[in-house]
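Q: Sequence plus the predicted model coming up.
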Amino acid sequence: MIVFDHVSKYYKSNVGLDDVSVRINEGDFVFLVGPSGSGKSTFIKLLIHEINADKGSIKIRGHEVTNMSARHVPILRRRVGIVFQDFRLLPKKTVYENVAFAMEIIHKPKKLIKKNVPQVLTMMGIADKADKYPDELSAGEQQRVAIARAIINRPRVLIADEPTGNLDPDTAWEIMQLLNQINQRGTTIIMVTHAKDIVDKMGKRVIAIEKGRIVRDEFGAYGYQEALENAEMTFDTIQIQRRDTSRIRFRRGGDEK
Amino acid sequence: MKSFGYTLKQSFVQFGRNLNMSLISIFAITCMMLILSLFFILVINVSTAAETIKGDYDSIEIFLDDKTTPEQADDMITDLKAQDGVDDAYYKSKEQAMAEFRDRWGENGYLLDSLEDNPLPNSVVIVIGDLEKADALAAHAEKFDGIEDVKYYKSTVDKLLEATRFVQIGALVIMIFLIIISIVVVSNTIKLTVFNRAEEISIMKYVGATNWFIRGPFLGEGIIIGIISAAISVGLTYFVYGKLVDMLGEQVYQMLSMPMVPVNFLIVNFAWIFLALGVSIGSCGSIISMRRFLDA
């Protein structure tokens, strides 16, 4: 279970998260949606302690994540699998080595690595690519490797940051099937996405964040017009931000007088 | 410890992948170490020489009047032997003194044959056990009757020791300087490879690798570079210094009447010192260069 309790994170010029409280149950599949710059990434970064919250507490299965000492961060990251939009595979390692690496860092015996890695690769449907390097694979295959690496140590939580962002619709849907499978085996999945059709089709819990606040938390639909999201909405946000800063500047000037 | 094998293997893999940079580092450190070894050899030889000379000069010579009888000299010797800090005291006749003189002149000794009288005085030699007492002994000897002069080489020994110390300290400063340069060179080399792999390092961190796990192979790479450099340096030093002793040893012995430090004795100490040095230069270099990338 993941609990955000009145969590706030402020950046120099804008708000990351503003007093967010949310609870994600064990085994949930949650979509995190919202315009660019709304705080989705902040939400994820806080979860893996890439950044630290200014206020509030975040607990993953009872373990406090905020103000964690640097020594414990690696341990947190091993308990939480992460998949990124740009895959982030180690370029000089083969598919097998990339997945094995996640086991090597926690000092799993070689025998176990030799047994588990092929299993996961088979599950991901890329058993025949084990000796290839990432740049020899298609985008979809690379994402499968990344997922294999994320789940090899059987984390209870899997975070996916726009995992289908670089994939064509068919491949994206295949990846979603894999994530669904993983979820059905009991892993909590938190997925940031802009893909309306995927969210609508999956019919899972959707948390919408705007300007650092949770504006919607319900089961079912994406809730934004995709076109708006990708083009005008971002443009809009920039405009709003500009207007905001100019207003702030003006106000500040007034105070000084 | 479980991951030691992994780290070791990765170190060699990494060393091989960055072969060019590794070779450049090895070249730079080897050069540094060869200069170091030059200073080491200098310091060791000077120190050994100083010890030898100090041994030769730790005596006081009391020159006697020609009128002084051997009996009087015997009294002096008995008196001196009872003093604190005296190892031995013995009588040296003018004939013995002349024979020694002739020896020192070697082939040119025949020149002394033309002397009609032996101009050298009889003397009593005090072998000092404790150099601290030398001053007091010299003063004590001055008080004897029938003496011409008391010769005591303290100032010579002091000057020599001072010069030796100067050489030692100077060499030490230069050596420390060179070691620091080596560390900078290695850390820069490794920094370049780390820079190329900054993304890889960040991915490793995302997957949950600890800093030490990431650092391990880089540390290993640095240590391998250090060990190879040390091996080359020790080998070259052994070869060159060995040749030098073969070629110059005789002459040096004749000119300064002291031997050069033998190469086999030298090289054992060298090997250990340079190995330790190589390992520490390599590991310091890699740790320093990675700091920035692991902090994030």
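A: Good, I have the coordinates. Note that the structure is a prediction, hence the values are computed from the model and not measured.
Q: wait, what's in contact with the residue in the stretch 151-296 of chain B that chain A sits nearest to?
A: Using CB to the nearest CB, the single residue of the stretch 151-296 of chain B nearest to chain A is residue B:208, 3.5 Å away. Glycine gets a C-beta too; all of them are placed from N, C-alpha and C. Neighbour list for residue B:208: A:74, A:75, A:76, A:77, A:78, A:102, A:105, A:106 [criterion: CB atoms under 8 Å, 6 or more residues apart in numbering or on different chains].
Q: Quick one: the strands in chain A, in order.
A: A:2-10, A:15-24, A:29-33, A:55-60, A:63-64, A:80-84, A:157-161, A:188-192, A:205-210, A:213-219 (DSSP state E).
Q: Please, which helix or strand holds residue B:173?
A: Element membership for residue B:173, per DSSP states H and E: helix B:154-196.
Q: and the next element down the chain from that helix?
A: Remark: after helix B:154-196, the chain's next helix or strand is helix B:198-207, criterion DSSP H and E.
Q: can you list the residues that contact that next one?
A: Contact with helix B:198-207 is made by A:48, A:74, A:77-78, A:82, A:84, A:88-92, A:101-102, A:105, A:149, B:194, B:213-214, B:293-294, B:296, as judged by CB under 8 Å, 6+ apart.
Q: Buried ones in that helix, by neighbour count?
A: Within helix B:198-207, the residues that count as buried by 16 or more other CB atoms under 10 Å in any protein chain shown are B:200, B:201, B:203, B:204, B:205, B:206, B:207.
Q: Over to stretch B:139-146?
A: Residues of stretch B:139-146 classed as buried: B:140, B:141, B:144 (neighbour count, 16+ other CB under 10 Å).
Q: Could you save those as JSON lines and add columns showing pLDDT, distance to chain A and secondary structure?
A: Shown next, in JSON lines, are these (pLDDT from 0 to 100; distance: CB to the nearest CB, whole Å; DSSP: H, G, I helix; E, B strand; the rest coil):
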{"residue": "B:140", "pLDDT": "81", "distance to chain A": "70", "secondary structure": "helix"}
{"residue": "B:141", "pLDDT": "79", "distance to chain A": "72", "secondary structure": "helix"}
{"residue": "B:144", "pLDDT": "80", "distance to chain A": "78", "secondary structure": "coil"}
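Q: Any chance of CSV for these, columns distance to residue B:112?
A: Converted to CSV, these look like this (distance: CB to CB, whole Å):
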residue, distance to residue B:112
B:140, 33
B:141, 28
B:144, 29
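Q: isn't residue A:80 right up against residue A:157?
A: Yes: contact criterion CB atoms under 8 Å: residue A:80 and residue A:157 qualify, at 4.8 Å.
Q: who touches both of these two?
A: Shared contacts of residue A:80 and residue A:157, counting by CB under 8 Å, 6+ apart, come down to A:47, A:60.
Q: got a list of what the closest residue to chain B within the stretch 151-257 of chain A touches?
A: Going by CB to the nearest CB, chain B is nearest to residue A:153 of the stretch 151-257 of chain A, at 8.4 Å. Shown in contact with residue A:153 (CB under 8 Å, 6+ apart): A:78, A:81, A:102, A:103, A:106.
Q: Residue B:7 versus the closest residue to the fourth one other than its chain neighbours, what's the distance?
A: Using CB to CB, 6 or more residues apart in numbering or on different chains and skipping the chain neighbours, the partner closest in space to residue A:103 is residue A:113 (4.8 Å). As defined by CB to CB, to the nearest Å, residue A:113 lies at a distance of 16 Å from residue B:7.
Q: Would you mind measuring from the residue of the stretch 151-257 of chain A closest to chain B to residue B:30?
A: Separation of residue A:153 from residue B:30 (CB to CB): 44 Å.
Q: of the contacts of helix B:198-207, buried ones?
A: Here, 16+ other CB under 10 Å leaves A:48, A:74, A:77-78, A:82, A:84, A:88-90, A:101-102, A:105, A:149, B:194, B:213-214, B:293-294 buried among the contacts of helix B:198-207.
Q: Can I take it that residue B:87 is in a strand?
A: Yes: residue state for residue B:87 (DSSP: H, G, I helix; E, B strand; the rest coil) corresponds to a strand.
Q: Assess the claim that it and residue B:129 are in contact.
A: Yes: when contacts are counted by CB under 8 Å, residue B:87 is listed as touching residue B:129 (3.8 Å).
Q: sorry, back to before: could I get the buried residues of helix B:198-207 as JSON lines with pLDDT?
A: As requested, the buried residues of helix B:198-207 are exported to JSON lines (pLDDT from 0 to 100):
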{"residue": "B:200", "pLDDT": "78"}
{"residue": "B:201", "pLDDT": "84"}
{"residue": "B:203", "pLDDT": "85"}
{"residue": "B:204", "pLDDT": "85"}
{"residue": "B:205", "pLDDT": "85"}
{"residue": "B:206", "pLDDT": "85"}
{"residue": "B:207", "pLDDT": "84"}
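Q: Of those, just say which sits nearest to residue B:248.
A: When the buried residues of helix B:198-207 are ranked by distance to residue B:248 (CB to CB), residue B:201 comes first, at 52.2 Å.
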